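K.L.:
predicted model and sequence follow; I will ask about them next.
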Amino acid sequence: MYNPFALIGKTILVTGASSGIGKACAIECSKMGARVVITGRNEERLLSTFEQLEGQGHASISADICQQNDIEQITATTEELDGVVFAAGVSKLKPIMALNEMDLQTVFSTNYFAQALLTKSLLKAKKIRQGASLVYISSISGNGNTATGLSVYGSSKSALTSYVRYAALELSGKQIRCNTILPGRINTDLLQNSTMSDEQIQKDMERYPLKRYGEPEEVAQTAVFLLSDAAKWITGTEIKIDGGRTLV
């Protein structure tokens, strides 16, 4: 029976798949029948993701998308794609007066420049099929939800969100769809390794109307929807997954 939400027969590339949202996206895509190509910087954790993929025919590429040589490697070794999930990202919690040039370069390189350059590389090599879906993981921090210490992170995500709107317009002639997911706080390693105390995390969680943080799988399931044929008329859209945080 036809299921417009399935990914059977589709090949999907997922960046940042060694942990967090990227890992969850790769696993959920495989559950929905896709052939998944995963990339990430940490080879050991990437292998762990690969071992959790369901089905056959998947591939793994150990690569850092902030490096041009690695972008070229991904492009050269990847077959034609029906979708890409751009999930690689880094966070930086630092007040404006303490920021330096290296902080800006590191965060923007990963959260913005790498995404745009990998997109260009895949398009130039004709590795993205007509009718494909490109899904970019941004953040509510780049869409008006401000917080002290997140200026560089939020700015990088704002740049990414804006870029995707332009990409959606420019690529529409090829029926290539581009959409952004804007998560609130998600239970990932980035949160667990943050400087926030348990008390601070609990207090922050209370600011969410649903009184909890999101799970990586909840973001991944929205990515699966955007990759599927069920979303064939959706492009240039930003979907918030934030437990209602931006309502208050």
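P.N.:
Ah, there it is. Residues are numbered from 1 along each chain as shown.

K.L.:
distance between the host helix or strand of residue 102 and the chain's centre?
P.N.:
Per DSSP states H and E: residue 102 is located in helix 101-108. Mean-position distance between helix 101-108 and its chain equals 19 Å (CA atoms, centre = their mean, to the nearest Å).

K.L.:
what mean pLDDT does the following helix or strand past that helix have?
P.N.:
Reading on from helix 101-108 to the C-terminus, the next helix or strand found by DSSP H and E is helix 114-124. Mean per-residue pLDDT for helix 114-124: 98.

K.L.:
circling back: remind me what the helix holding residue 102 packs against, helices and strands.
P.N.:
Here helix 101-108 touches helix 151-171, going by 3 or more CB pairs under 8 Å, 6 or more residues apart in numbering; DSSP states H and E. For the C-beta atoms, the positions are set from N, CA and C on the backbone; glycine is no exception.

K.L.:
distance between the ends of stretch 103-123?
P.N.:
Distance between the two ends of stretch 103-123: 29 Å, counting by CA to CA, to the nearest Å.

K.L.:
residues of it that come out buried?
P.N.:
Buried residues in stretch 103-123, counting neighbours by 16 or more other CB atoms under 10 Å, are found at 106-116, 118-119, 121-123.

K.L.:
cool, and stretch 70-84?
P.N.:
For stretch 70-84, by 16+ other CB under 10 Å, it's 70, 71, 73, 74, 75, 78, 81, 82, 83, 84.

K.L.:
quick check: mean pLDDT of that stretch?
P.N.:
The predicted model gives stretch 70-84 an average pLDDT of 97.

K.L.:
confirm that residue 181 sits in a helix.
P.N.:
No - using DSSP: H, G, I helix; E, B strand; the rest coil, the assignment for residue 181 is strand, not a helix.

K.L.:
test my guess that residue 211 contacts residue 205.
P.N.:
Yes - using CB atoms under 8 Å, residue 211 is in contact with residue 205, at 6.4 Å.

K.L.:
now the helices: where do they sit in the protein?
P.N.:
Under the criterion DSSP state H, the chain contains helices at 20-31, 43-51, 68-77, 101-108, 114-124, 151-171, 189-192, 198-205, 216-227.

K.L.:
put the alpha carbons of the second one into PDB.
P.N.:
Coordinates of each C-alpha in helix 43-51 appear next as PDB, following Å, rounded to 0.1, in the frame of the first residue of the first chain:
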ATOM      1  CA  GLU A  43      34.700   8.100  13.300                       C
ATOM      2  CA  GLU A  44      34.000   5.900  16.400                       C
ATOM      3  CA  ARG A  45      30.600   7.500  17.100                       C
ATOM      4  CA  LEU A  46      29.800   7.500  13.400                       C
ATOM      5  CA  LEU A  47      30.300   3.700  13.400                       C
ATOM      6  CA  SER A  48      27.900   3.500  16.400                       C
ATOM      7  CA  THR A  49      25.300   5.300  14.300                       C
ATOM      8  CA  PHE A  50      26.000   3.100  11.300                       C
ATOM      9  CA  GLU A  51      25.400  -0.100  13.400                       C
END
